[in-house]
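Asker: Structure for the following, please:
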Amino acid sequence: MSTKVQNYLEEKITWKPGPTPLHPYRAEVEGEPCLVRLNDFPDDPLYTLLVNEREVAHFDDWPQCWTRP
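Answerer: Okay, here's the model as predicted:
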């Protein structure tokens, strides 16, 4: 995993269709595989961002700088 401290929610990311309904979006950022996971909303945040299979952020609102397929 990259040692660079990064706020992925503020990065410009173009997402592609994901591998499963639970992970509907995938991307690669600086060589790191990223997935967006859907959670059990409203009990949990709507989305979780995974980078290299590690949870790095939970969020409800889709970042404006991200592009969905």
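Asker: and Leu22, that's in a helix?
Answerer: No: under DSSP: H, G, I helix; E, B strand; the rest coil, Leu22 sits outside any helix and is assigned coil.
Asker: Just give the number of residues close to it.
Answerer: Neighbourhood size, Leu22 [other Cβ atoms under 10 Å]: 11. Yep, even glycine has a C-beta here, placed from its N, CA and C like the rest.
Asker: doesn't Asn39 make contact with it?
Answerer: No: counting by Cβ atoms under 8 Å, Leu22 does not reach Asn39; the two are 9.2 Å apart.
Asker: Determine the number of other residues adjacent to the residue nearest to His23 when sequence neighbours are not counted.
Answerer: Take His23 and drop its neighbours on the chain: the residue closest to it by Cβ to Cβ, 6 or more residues apart in numbering is Leu35, 4.6 Å away. Number of residues near Leu35 (other Cβ under 10 Å) recorded here: 20.
Asker: Given the helix or strand containing Leu35, what are its sheet partners and their directions?
Answerer: Using DSSP states H and E, Leu35 maps to strand 32-38. The pairing partners recorded for strand 32-38 under DSSP bridges are strand 25-29 (antiparallel), strand 47-51 (antiparallel).
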